[in-house]
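In: sequence and predicted structure, then a few things I'm wondering about:
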Amino acid sequence: MKLLDIEVVLNRDKGIQQARRKSQVMEELDDMTTSYAILSHRWGAEVSYEEMIGFTKMEEEERGEVKQRDGYQKIIKSCEQAKKDGYEWLWIDTCCIDKRSSSELSEAINSMYRWYQNAQVCYAYFNDVGESTFPTKRDNNKFNKSNGWPEWFVRGWTLQELIAPKQVKFFNKNWVYIGDKQSSARELEEITGIPCDVLMIGLAAKRLSVAQITSWAADRKTTRVEDRAYSLMGLLGVNMPMLYGEGKKAFQRLQLEIIRVSSDHSIFAWKPPMLWVGSVLAEDPSGFRGCGRIRRLEPDEFVTILKRKYIEGEGADDIESRARRQHKLAALRGALDFHQFHTVTLSNAGIQVFLPVIPSECFPSHLRATLACTHNGDLVTISLVPSGGSFARASASGDGPLPATYPDFKTLRLIHHQDSNKTRHDIVLDDKLVSYHGFTRCGTYPNEFTGNTVTPLSLVVANDLIVIVYANHYTRCRFAIGLGYSLGREWVHVVEDGDFLMRKEEHGSKFGWRVYGEMLKAHVKHAQIMPKHDACRYKLFIKHAHFPQSIWAARVAWGGQPAGDFKVIIDVVQCPGCCDVSCGWAAASTGLAMPKLMATVSGSYLLELDGRPTRLSKCFGQRLALGDYGDYSRGNFVCTGNIFDDMPATGIDFDDSHRRAIYSVSSSKLGGRLDWVKTQDILAVENKRKRTTYLALHQPAAISLPDNEHISLLLKALSARLAGKHLVTTVIQCLDFYAVDKDGKLWNSSDYSAPNSGNYSTGTGVLTPLCTISYPHVWSIDPPCKQTKKRFKSIRRNFYILMDMHQPAGTQPSRDSAVRRTTMRGTRTFPYSSDRRDRREI
């Protein structure tokens, strides 16, 4: 290590020229054999290594500026104090490390704990304490940025600088001695959480766990994120190279290094944030906050505690015979004597560890693993959930006292990749349309959820699930939507409350919790039946779920978004009873920024709107406008009206700014850029039967229905009257257009109403040659299924029977009715609701 020569530094400061051989300000010496003092301080305006070495070669003005720095004064005062205490050498981190050399910096950081440990004395300088006594009471007014104590106590590097040296002397900002580590041990324990015996003797004073040591750094800060990990290397007895720029990965590497050299299970005993599912390793030392009383156990101690817990515990004599208990004890000792218990194996696939586990009562695939460490005398357990072939750590609310179930001993592979929980996408929820028919969001489980964005990491602890309940109390209908994450994928599930009328006494919260539990049990199944986007050309999937004994159904759409997130759209529609249970996911397609759900008709022309390839249909001979609706069949669209003309009848009103969206138009990349194309022309490409035709558009503009709440509500309001209709959602307007082949020759065909000359029109008229025709799913009509047809047949049969029963005397019933009467006993009646409104609507 490079040490400052105290005499040279002080003489140079006074301007005394030394004629002796010993004139170098710094020398390389062995820390094991040299007697030296060391400084611990909070950095400010410091003096660097190169400035310290080249101090005498500086200009007078530059040298004066260096002397004015607080860092220079610390060097001089430290040297004076060290000389007073009888030392010749001093080490200060600011000026004794050449930080220009990465190898020297790495060596210094890996050796720093040893250097402080081998120092005869450490001077701890408090630059924010003016009193001549050691601070013994928290002062939040004076030290409001450092938890009520001097800032020295909240810095990351000063932790090892307090523990490692045998003797630590504290000085205030005027370099007045205010106490030492031995005499202030009680106050230091209160401030730092470090036990007195560790402060007095060091880390060898007691058997410390990784969790306990790391807990002392939970609330400490460093300028660089990586230093939160690097400052703990000496305390935890590991070494590793410095990689500034890796961020929080440094703490992950530190934990992996600890696992390589230690089998201390307490490294897994950190407390994850409330909504955590992912890596078994903590993100930073803050995860070990509150772990100061965790004690690691040796194998024999672990056997003794497990024996007391599961074999000789309270009530064991009531259910197990003595012979059975002895058999369990032998099995327990055999399991813990297994060599895998004494080792933790690390690989790219995960951390392999041998642990006693207890499956969850509700979810057998979820485990409570017991660690070989205790907290306040109780065994520490962690919650694990399956993730592929491995297990992930979860912040389950079930962490607590162990159940009295005998554990199984298993070899588990635990996820340790820090970014394993960063790859999930948000789920954007759009449920505005459910309110149109009187349904409202009336509860979320297990946690309160507001807004419209769900992040899988902030879903339910340990299982990644949130359940949202919707209800219409007037019609007595309710349903629940589950948004979850399992098996590495997002999933959506719908549950209809078919027995709502029979369970009038069940409160809404009980329904929500019941559905939540049912979905948790079947979360793997729900994830497996979700369609895969990567394996299908469709980007949108729709599910229809009918509410039994009502005219309502939930229509749920799920699909990906350009940003990589997923969007879930929930709507409630009228349904005549097309099914009794939820239908499966059906694939659909949607266009560019369509309002809610649109099945677009694939046109023959290709353009790029806002850089996205879009198919458009030709409408040369028609005068179509945005918002026109009508009948569409085999490429022919017959306009019968316009949604904006019908808007006054719905009671909905909004201005023109919410009626249209403008998109940029560019030629399709399939067509390329041809030399003969005019500057202001855009080419739409048509590929038909191995023949490529171009439609040149002069100064085109794309106008589309925007994806906003106003348009969505208007389409919803018109859904009953316009069921089965198609809608013009995008129009391409231009001043002129003409069809050409790939060589630029005009395409003479009666299908195109372009000028034969190809010259641009000089008139002010605007032409609409292309459009997008879509089918709003809110206007869709679901065909009845077999169950519905059977039910309607039963209704008709009962109807004719009732008619025959009320015919005048002497009237002969029809043959069909007579046949129906004979099968009356086997006829299934339609279940009417006791609610008056339901009877009328059915």
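Out: Done, it's in.

In: show me what residue 629 is bridged to.
Out: According to DSSP bridges, residue 641, residue 727 are recorded as the beta-bridge partners of residue 629.

In: in this structure it contacts residue 644, no?
Out: No: with contact defined as CB atoms under 8 Å, residue 629 does not count as touching residue 644 (10.4 Å). To be clear about C-beta, it is placed using only N, CA and C from the backbone, and glycine gets the same treatment.

In: out of those two, which sits in the more crowded spot?
Out: Taking neighbours as other CB atoms under 10 Å, residue 629 and residue 644 compare with residue 629 leading, 23 against 17.

In: would you agree residue 619 is in contact with residue 767?
Out: No: under the criterion of CB under 8 Å, residue 619 lies out of contact with residue 767, with a separation of 10.0 Å.

In: can you pull the buried residues of stretch 627-636?
Out: Judged by neighbour count (16 or more other CB atoms under 10 Å), stretch 627-636 contains these buried residues: 627, 628, 629, 630, 632.

In: tell me if I'm right that the last one and residue 773 touch.
Out: Just to be clear, that refers to residue 632. Yes: with contact defined as CB under 8 Å, residue 632 and residue 773 form a contacting pair (5.9 Å).

In: need the residues touching each of those two.
Out: The overlap between the contact sets of residue 632 and residue 773 (CB atoms under 8 Å, 6 or more residues apart in numbering) consists of 601, 726.

In: now do the helices in the stretch 601-750 of the chain.
Out: In chain order, the stretch 601-750 of the chain shows helices spanning 643-650, 709-717, with DSSP state H, counting those that start in this stretch as the criterion.

In: want to throw those into JSON lines with mean pLDDT and distance to residue 475?
Out: JSON lines is the format used below for the helices of the stretch 601-750 of the chain (pLDDT from 0 to 100; distance: least, CB to CB, whole Å):
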{"stretch": "helix 643-650", "mean pLDDT": "91", "distance to residue 475": "22"}
{"stretch": "helix 709-717", "mean pLDDT": "86", "distance to residue 475": "17"}
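
In: out of these, nearest to residue 119?
Out: For these, the distance to residue 119 is smallest for helix 709-717, at 68.8 Å, taking CB to CB.

In: direction-wise, compare that closest one with helix 643-650 and give the angle.
Out: Angular relation of helix 709-717 and helix 643-650 on a 0 to 180 degree scale: 70 degrees, by axes from the mean of the first three to the mean of the last three CA atoms, to 10 degrees.

In: packing partners for helix 709-717?
Out: With contacts defined as 3 or more CB pairs under 8 Å, 6 or more residues apart in numbering; DSSP states H and E, the packing partners of helix 709-717 are helix 643-650.

In: what comes into contact with the helix it packs on?
Out: Contacts to helix 643-650, defined as CB under 8 Å, 6+ apart, come from residues 627, 629, 653, 659, 714, 715, 717, 718, 721, 722, 727.

In: quick check: buried residues in it?
Out: Residues of helix 643-650 classed as buried by neighbour count (16+ other CB under 10 Å): 643, 644, 646, 647.

In: and if you look at stretch 128-148?
Out: Along stretch 128-148, the positions that meet the burial threshold by neighbour count (16+ other CB under 10 Å) are 128, 129, 134, 135, 143, 146, 148.

In: so the fifth one belongs to a strand, correct?
Out: No: counting by DSSP: H, G, I helix; E, B strand; the rest coil, residue 143 is located in no strand; its state is coil.

In: where does residue 304 sit: helix, strand or coil?
Out: With three-state DSSP as the basis, residue 304 sits in helix.

In: what count of nearby residues applies to it?
Out: The number of residues packed near residue 304 is 13, by other CB under 10 Å.

In: for it, give its distance to residue 372.
Out: Distance of residue 304 to residue 372, given as CB to CB, to the nearest Å: 12 Å.

In: ok, now residue 728?
Out: Taken as CB to CB, the spacing of residue 728 relative to residue 372 amounts to 70 Å.

In: tell me the buried residues in the helix or strand residue 9 falls within?
Out: Counting by DSSP states H and E, the element that carries residue 9 is helix 6-14. Within helix 6-14, the residues that qualify as buried by neighbour count (16+ other CB under 10 Å) are 6, 7, 8, 9, 10, 11, 12.

In: done for today, thanks.
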